[in-house]
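Colleague: need a structure here:
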Amino acid sequence: MSSISGSPIKVGAFSEERLLRALSIEPDEEWFGCDRQGKIRYLSNRLGLSENDTSRRVASVADLGFCEDFSVAEEILAKIPSKLLHSLQFLPVEETGASDKSQGSLDIVAVWPLRPLELRWIRTLTGFWPVVRIGTLDKVSERITERYGVGSASLEGQVSLAEEEAEEDVEDEDAAVIRFVNEVIRQALESRATDIHFEPQRERLAIRYRIDGELTKVAVPENLQSFQAAIISRIKIMAHLNISERRRPQDGRIGFSYGKDDIDIRISTFPTLYGESVSLRLLNQKSQAMSVDDLGLGPFEKNIVGEVLKRPNGIILVTGPTGSGKSTSLNAFIRMVHTPSKRIMTVEDPVEYEVPGVNQTQIREDLGLTFARSLRHILRQDPDIIMVGEIRDRDTAEIAIRASLTGHMVLSTLHTNDAPGALTRLIDMEIEPFLIASSVELVIAQRLVRRLCSHCAEKRLIPPERVLAMRRMLDLSVEGFDPSNIQLSYPVGCEWCRGLGYRGRVGVFEMLQVQRAAHDLVLERASSKRIREAAISDGMKTLQESAWDLMCSGVSSPDEALRHVRTFEDDSEV
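Modeller: Here you go, the predicted model:
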């Protein structure tokens, strides 16, 4: 049911000029170029209020009710052209039972007060006089997007309502496509997406966002297929790619402004059966790098990292698959040790976080600026701490190791499944074992699992047999473990998390201190299995143990944690 209060609009009573005077706002050129959503955002910036509080203020000044939540009236919605909904940014809602309503009226929720002519249009289409309330920008926009798809307003066109006559403007297709692409990117940024995928299929063009590491299908307009070629061409033009080349993959980048932030977008195109697949990686150049506390490290792990980072030299390696947060961890470690007395230099691909006071470099393989070559030159810059984005080959590994042996602390990443595997991977690169044992101080294996939404997570009492099955999947001991009265949390889904049940991610870690039990085994070229067994006996907390702790603390769900770190399969539901 709706949660609406206040009086209905008085036809002819609303005036933008009076509204601005009441708010003590002197409009500038930016104001006159804003649409209805843009006006709320404009006032929000000028008043220093949140968008929701700005909507409340506008409702109060315009003598309208404010709508906190609502249910869409689907039968009425079907009678209203989508162009009108997009242009006026409103939705018909279920009856509120308000005492000030007259028979034959219709409740509507809009992001901005409507003019008399606009109200008459709604009256003509629905047969009801509208009773207007102001709703929050995010709720109204979200419901319209759910119904018609992201960017649908751009492809539908806008309705022009003049006092003398009302007619539809025929919009230029190119302008519509430009607005559509911008809206898809803007919506992705608002949804905290890191990637956008345009995927051509037999009879449609699908769009998916990657949010918190998981791909999420995006609702798209029904007529999107007819704009496919124009949309792909627009993205390629933005990235300065060859629009006539459709048979070969291409890579490029786009600079995109989002509010006060500059977004670096990496573009990759790839030919498929039904057209070009386009992937966009979104990188906020002003993103605030995480601190060590934000990573999700427990007291035990933080003590280990802090102890190793205090040493004057050595190597810290962070391992894991692509997308497991390795670069984020390295940046957090840099922030932890960064002081004016230390010279820190990095070479990355790409630079994901800007850290003030740190000298950061992005590799350019087209110019011959590889990790290995950059690292050679960095050593001539008198650094104290060096961060290398990734050790990809023997040359980079050798230079990093020799840098650590000559008095530098080196931080880097490797692609291995666990911490012991990093040591055997270096041996496979033909690095001498005695160099590895002498230089590598700490290896961290990590995964990122989705964090349960704090607003809707639900605790459940788990049957003892399921608890034991979960521990066996994680290769954890069940001897002496009491499986009774174990409560674990599960996702439900709410508006805060957009129905996903999860919001944000947290790390799962495994830390191997090489200078202890693993040292002699590395010299013997032992297998990763033997190194792992020795490290566990020496007190190493495995990925599986860390995942179990996250489940029991209610930070993540069993199915999410087990999906990333399980050791054995189990077909039963978790």
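Colleague: If you drop the residues flanking it in sequence, what lies closest to T346?
Modeller: M387 (4.0 Å; Cβ to Cβ, 6 or more residues apart in numbering). Every C-beta, even on glycine, is put in place using the N, C-alpha and C of the backbone.
Colleague: Please identify the buried residues of stretch 59-69?
Modeller: Across stretch 59-69, burial judged by 16 or more other Cβ atoms under 10 Å covers 59, 61-62, 64-67.
Colleague: Next step: the residues you listed restricted to strands.
Modeller: Counted as lying in strands by DSSP state E, out of these, are 65-67.
Colleague: ok, back up a step: could you dump the buried residues of stretch 59-69 into JSON lines and include pLDDT and distance to R373?
Modeller: JSON lines is the format used below for those (pLDDT from 0 to 100; distance: Cβ to Cβ, whole Å):
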{"residue": "A59", "pLDDT": "89", "distance to R373": "60"}
{"residue": "V61", "pLDDT": "88", "distance to R373": "62"}
{"residue": "A62", "pLDDT": "87", "distance to R373": "63"}
{"residue": "L64", "pLDDT": "88", "distance to R373": "64"}
{"residue": "G65", "pLDDT": "88", "distance to R373": "65"}
{"residue": "F66", "pLDDT": "89", "distance to R373": "60"}
{"residue": "C67", "pLDDT": "84", "distance to R373": "60"}
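Colleague: where in this protein is pLDDT low?
Modeller: Residues of the chain meeting the criterion pLDDT under 70: 1-14, 95-103, 151-173, 285-289, 567-574.
Colleague: show me the biggest helix of it in terms of residues.
Modeller: Identified as the longest helix of the chain according to DSSP state H is helix 173-190.
Colleague: before we move on, back to that, quick check: bridge partners of the residue nearest to T346?
Modeller: Judged by DSSP bridges, the bridge partners of M387 are T346, L411.
Colleague: list the contacts for it?
Modeller: 330-331, 334, 344-348, 410-412 (Cβ atoms under 8 Å, 6 or more residues apart in numbering).
Colleague: repeat that for 7 Å
Modeller: 330, 334, 346, 411 (Cβ atoms under 7 Å, 6 or more residues apart in numbering).
Colleague: Could you confirm the second one falls within a helix?
Modeller: Yes - using DSSP: H, G, I helix; E, B strand; the rest coil, the secondary structure at I334 is a helix.
Colleague: change the start of the numbering to 52 and stick with it
Modeller: Will do, 52 is the new start, and the previous item becomes I385.
Colleague: Please tell me how far it sits from G349.
Modeller: Between I385 and G349 the distance is 21 Å, computed by Cβ to Cβ, to the nearest Å.
Colleague: Over to the last one?
Modeller: In this structure, L462 and G349 are 20 Å apart, going by Cβ to Cβ.
Colleague: and those two? which has more neighbours close in?
Modeller: Neighbours were counted for L462 and for G349 using other Cβ atoms under 10 Å; L462 has more, 25 against 13.
Colleague: what sits against that one?
Modeller: 367, 381, 384, 438.
Colleague: what sits up against stretch 587-599?
Modeller: 351, 469, 496, 498, 525-527, 559-563, 567-568, 612, 616, 618.
Colleague: and which of the contacts of L462 is nearest E546?
Modeller: Checking these against E546 with Cβ to Cβ, the nearest one is L381 at 34.8 Å.
Colleague: got the contact list for that closest one?
Modeller: 369, 438, 462, 464.
Colleague: let's go with 8 Å and repeat that
Modeller: Going by Cβ under 8 Å, 6+ apart, L381 touches 369, 438, 462-464.
Colleague: Determine which two of the residues you listed are furthest apart.
Modeller: V369 and M438 (10.4 Å).
Colleague: what residues are shared contacts of these two?
Modeller: Contacts common to V369 and M438, judged by Cβ under 8 Å, 6+ apart, are 381, 462-463.
Colleague: between those residues, which is closest to F485?
Modeller: Closest to F485, out of all of the shared contacts of V369 and M438 and judged by Cβ to Cβ, is S463, at 19.5 Å.
Colleague: Would you agree M562 falls within a strand?
Modeller: Yes - note on M562: a strand contains this position according to three-state DSSP.
Colleague: Touching, it and I355? I think so.
Modeller: Yes - M562 lies in contact with I355 (Cβ atoms under 8 Å); the separation is 5.3 Å.
Colleague: Between the two, which has more neighbouring residues?
Modeller: When M562 and I355 are compared for neighbours, M562 comes out ahead with 22 against 19, by other Cβ under 10 Å.
Colleague: Return the distance of the more buried one relative to D158.
Modeller: For M562, the distance to D158 - Cβ to Cβ - is 58 Å.
Colleague: wait, isn't L188 in contact with R107?
Modeller: No - between L188 and R107 there is no contact under Cβ under 8 Å: 11.4 Å.
Colleague: Comparing those two, which residue is more hemmed in?
Modeller: With neighbours defined as other Cβ under 10 Å, L188 and R107 compare such that L188 has more, 22 against 16.
Colleague: for that one, what are its contacts?
Modeller: Shown in contact with L188 (Cβ under 8 Å, 6+ apart): 88, 91-92, 102-103, 106, 162.
Colleague: repeat that for 7 Å
Modeller: Taking Cβ under 7 Å, 6+ apart as the criterion, L188 is in contact with 88, 91, 102, 106, 162.
Colleague: D344: neighbour count?
Modeller: 10.
Colleague: And the helices in the stretch 252-401 of the chain, which stretches?
Modeller: 279-289, 343-346, 350-360, 377-388 (DSSP state H, counting those that start in this stretch).
Colleague: Deepest in the core, which of those is it.
Modeller: Highest mean neighbour count among the helices of the stretch 252-401 of the chain (mean count of other Cβ atoms under 10 Å): helix 377-388, with a mean of 22.
Colleague: Okay, angle between that one and helix 350-360 too, please.
Modeller: 70 degrees (axes from the mean of the first three to the mean of the last three Cα atoms, to 10 degrees).
Colleague: Tell me which residues of stretch 324-334 come out buried.
Modeller: 326-334.
Colleague: my bad, should have said stretch 538-551
Modeller: Of the residues in stretch 538-551, those buried by neighbour count under the rule 16+ other Cβ under 10 Å are 539-542, 548-549, 551.
Colleague: Good, we can wrap up now.
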